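Peer 1: coordinates only, no sequence provided:
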Ligand code: GRF
């Protein structure tokens with residue numbers, strides 16, 4: 001019997017830190033939970049655990065030191081080159097601690113997504129969990145969104161809510177939010193792979209799954 005050939009979405013991941021979201025994406029790819037494959041992991045931090053995780057999974061890696069390039073444009077061109085070399089169709093920012101520029105977004109129009117540990121538009125930027133605790137909200141969470149030139153601003157694709165409990169510290173809250181991040185990031189990639197996302201202004205429409213009808 002001939003099995004149908006499923007074309008896998010080629011993704012590139014940019015990460016500066018521990019890479020637990022990267023791991024969730026790699027695991028989902030390996031387990032065939034999503035129709036995607038990680039073609040390259042790129043970091044601006046040579047010691048990022050994300051690079052180690054990629055190597056362990058035999059995913060190609062690249063490290064680009066920002067200060068080795070005269071301009072942000074030159075730095076980003078190097079990264080774009082790596083992504084294009086691997087035919088990347090979707091770029092996933094996963095704890096990548098830099099704002100991406102116009103040239104980068106133009107190279108991958110509507111094909112760059114990010115995850116943020118709060119329910120945007122609340123608490124954008126750094127230390128989102130701490131911001132939520134200090135503000136005193138009772139519910140926070142995480143958001144996957146398309147990337148534009150502003151911080152944590154593009155159209156929202158998926159969100160998951162996390163309740164704040166009485167004894168929460170920044171660390172306990174961070175961990176509970178991460179558990180949800182590890183679910184909604186692979187889910188978003190699958191929606192993209194299935195061609196089910198359309199952007200209407202700020203609103204991202206999710207088409208129903210033809211398989212479930
Ligand atoms: C996550 O909380 C993500 O939402 C934020 O940076 C953190 C990265 O964590 N953008 P990890 O490197 O994936 O563990």
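Peer 2: Arrived safely. No experiment lies behind these values; they were computed from the predicted model shown.
Peer 1: where does the chain dip in pLDDT?
Peer 2: Low-confidence segments of the chain, defined by pLDDT under 70, are located at 1-5, 213.
Peer 1: enumerate the residues of the chain near the ligand.
Peer 2: Residues of the chain lying near the ligand by C-beta under 6 Å from any ligand atom: 15, 17-21, 94-95, 115-117, 142, 178, 181. Any C-beta I mention is one placed from the backbone N, CA and C, and that applies to glycine too.
Peer 1: with those in mind, which one is nearest to residue 163?
Peer 2: Nearest to residue 163 out of those is residue 142 (C-beta to C-beta; 13.0 Å).
Peer 1: the closest one contacts residue 179, correct?
Peer 2: No - between residue 142 and residue 179 there is no contact under C-beta atoms under 8 Å: 9.5 Å.
Peer 1: more crowded one of those two?
Peer 2: In terms of neighbours (other C-beta atoms under 10 Å), residue 142 is the more surrounded of residue 142 and residue 179; the figures are 28 against 13.
Peer 1: distance of that one from residue 184?
Peer 2: The gap separating residue 142 from residue 184 is 6 Å, by C-beta to C-beta, to the nearest Å.
Peer 1: between the two, which contacts overlap?
Peer 2: Residues touching both residue 142 and residue 184 by C-beta atoms under 8 Å, 6 or more residues apart in numbering: 115, 159, 160.
Peer 1: I'd like to know how many residues surround residue 211.
Peer 2: Using other C-beta under 10 Å, residue 211 is surrounded by 6 other residues.
Peer 1: over to residue 132?
Peer 2: Neighbour count for residue 132, taken as other C-beta under 10 Å: 25.
Peer 1: also residue 12?
Peer 2: Every residue meeting other C-beta under 10 Å relative to residue 12 is counted, giving 29.
Peer 1: quick check: the residue of the protein nearest the ligand.
Peer 2: residue 95 (2.7 Å; C-beta to the nearest ligand atom).
Peer 1: residue contacts, the residue nearest to that residue when sequence neighbours are not counted?
Peer 2: Of all residues beyond its chain neighbours, the one nearest residue 95 is residue 17 (4.3 Å), with distances taken as C-beta to C-beta, 6 or more residues apart in numbering. When contacts are counted by C-beta under 8 Å, 6+ apart, residue 17 touches 45, 48, 49, 50, 95, 97.
Peer 1: am I right that residue 17 sits in a helix?
Peer 2: No - counting by DSSP: H, G, I helix; E, B strand; the rest coil, residue 17 is not part of a helix but coil.
Peer 1: around the residue of the chain closest to the ligand, count how many other residues there are.
Peer 2: Count around residue 95 with other C-beta under 10 Å applied: 22.
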